[in-house]
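Chemist: Next comes the sequence, and after it the predicted model I'd like to discuss.
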Amino acid sequence: MTPLPGVGTPHPGPVLGPDSVPVAGDRRRHPAPAHLVFFHGPMDCGKSTLALQVDHNQSRQGRHGLLLTQGDRSGAPQISSRVGLRRDAVELAEETDVRLLVRDRWAGGHRVDYLIVDEAQFLTGAQVEQLAELVDESHVDVYAFGLTTDFRTRLFTGTARLFELADDVQRVQVEVLCWCGLPGLLNARVVGGAMVREGATVVVADTGPAEPGSGEGAVPDGGVPVRYQVLCRRHHARGQLGPTPTGPGQLALP
Ligand SMILES: [Zn+2]
């Protein structure tokens, strides 16, 4: 397995092997520095898969994690990936205090050594600060995963605060390409076949699970289908969704 930089590797400091992860008692006597790590990228870049892989790696070391997500409307919140992995997660609301969530777990006798936070772009600034406090004061490692920018190419709120506070910020190796073959870095919102640049940051289908069929887009109240497409910077700027020689606003896609 390819080592993930910044994952399980305290910095600055020596690289610790799996056997050197201290047990809870030792952690209190010699608190190892915990870290807030943020992985970000465009849609469909494999963030949730990476989140589950980090969780797997951590749990194999005997550590206990708590998985958090947001915007999951299923009623049974999960972190799921396109390769079929899924794990139950706790749904965060905007008003959730993550510190209290973790302390409740501790009060219930459960260990929480690390947090996996998916859809971290939707965190409030206050919640990112709560995560940083858990890292610094309670030595809980936090691995957050989220989108970089919204369809207007602006940083999401949670993403911006994570950029400001995280110990380590890493762009997820992009697997998704623009239709032209260049790496896709930006998310385009497509309404009724045309790219739009204005509107609410979050609409239905923003965080739908990336499964077969989800690319069809959701149909919000207005009745016009909304979908998202990853583009390179140039084609995002041009609003060009495909190789057809039509300009913005007259895109005829199959
Ligand atoms: Zn392109």
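Modeler: Sure, I can see it.

Chemist: In the stretch 51-200 of the chain, where is pLDDT below threshold?
Modeler: Applying pLDDT under 70 to the stretch 51-200 of the chain flags the ranges 72-75, 174.

Chemist: tell me which residues in stretch 117-132 are buried?
Modeler: Buried residues in stretch 117-132, counting neighbours by 16 or more other C-beta atoms under 10 Å, are found at 117-123, 127-132. Every C-beta, even on glycine, is put in place using the N, C-alpha and C of the backbone.

Chemist: Of these, which belong to helices?
Modeler: Q127, V128, E129, Q130, L131, A132 (DSSP state H).

Chemist: which parts of the stretch 101-250 of the chain sit against the ion?
Modeler: Residues of the stretch 101-250 of the chain found near the ion (C-beta under 5 Å from the ion) are C178, C180, L182, C232, H235.

Chemist: Quick one: buried ones out of these?
Modeler: Neighbour counting with 16+ other C-beta under 10 Å marks C178, C232, H235 as buried within those.

Chemist: Can you check the pLDDT for the last one?
Modeler: When you say that, I think you mean H235. Predicted confidence (pLDDT) at H235: the value is 96.

Chemist: is it true that it touches P183?
Modeler: No: using C-beta atoms under 8 Å as the test, H235 is too far from P183 to be in contact (11.5 Å).

Chemist: List of residues touching stretch 136-145?
Modeler: For stretch 136-145, contacts defined as C-beta atoms under 8 Å, 6 or more residues apart in numbering pick out 7, 27, 31-40, 47-48, 50-51, 54, 58, 102, 112-120, 123, 131, 134-135, 158, 162, 166, 172.

Chemist: Selection in PyMOL covering whichever of the residues you listed are buried, please.
Modeler: With 16+ other C-beta under 10 Å as the burial test, the buried ones among these are selected in PyMOL as follows:
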select buried, resi 7+34+35+36+37+38+39+40+47+48+50+51+54+58+102+112+113+114+115+116+117+118+119+120+123+131+134+135+158+162+166+172
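
Chemist: Sort out which of the contacts of stretch 136-145 are in helices and list them.
Modeler: Filtering the contacts of stretch 136-145 for helices - DSSP H - leaves 27, 47-48, 50-51, 54, 58, 102, 131, 134-135, 158, 162.

Chemist: Tell me the one among the residues you listed nearest to G84.
Modeler: S48 (11.3 Å; C-beta to C-beta).

Chemist: ok, now which ones touch the closest one?
Modeler: For S48, the set of contacting residues under the criterion of C-beta under 8 Å, 6+ apart consists of I79, S80, S81, R82, D118, F145, A210.

Chemist: Let's see that with 6 Å instead.
Modeler: With contacts defined as C-beta atoms under 6 Å, 6 or more residues apart in numbering, S48 is in contact with I79, S81, D118.

Chemist: right, and out of the residues you listed, which lies closest to the ion?
Modeler: S81 (25.2 Å; C-beta to the ion).

Chemist: Grab the CA positions of stretch 125-139 and hand them over as PDB.
Modeler: Output for stretch 125-139, consisting of C-alpha atoms alone and laid out as PDB, is shown next (Å, rounded to 0.1, in the frame of the first residue of the first chain):
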ATOM      1  CA  GLY A 125     -15.700  27.700  11.100                       C
ATOM      2  CA  ALA A 126     -16.600  27.100  14.700                       C
ATOM      3  CA  GLN A 127     -16.600  23.300  14.100                       C
ATOM      4  CA  VAL A 128     -13.100  23.400  12.500                       C
ATOM      5  CA  GLU A 129     -11.900  25.300  15.600                       C
ATOM      6  CA  GLN A 130     -13.500  22.600  17.800                       C
ATOM      7  CA  LEU A 131     -11.600  20.000  15.800                       C
ATOM      8  CA  ALA A 132      -8.300  21.900  16.400                       C
ATOM      9  CA  GLU A 133      -9.100  22.000  20.100                       C
ATOM     10  CA  LEU A 134      -9.600  18.300  20.200                       C
ATOM     11  CA  VAL A 135      -6.300  17.800  18.600                       C
ATOM     12  CA  ASP A 136      -4.400  20.200  20.800                       C
ATOM     13  CA  GLU A 137      -6.100  19.600  24.200                       C
ATOM     14  CA  SER A 138      -7.300  16.000  23.900                       C
ATOM     15  CA  HIS A 139      -4.700  14.500  21.500                       C
END
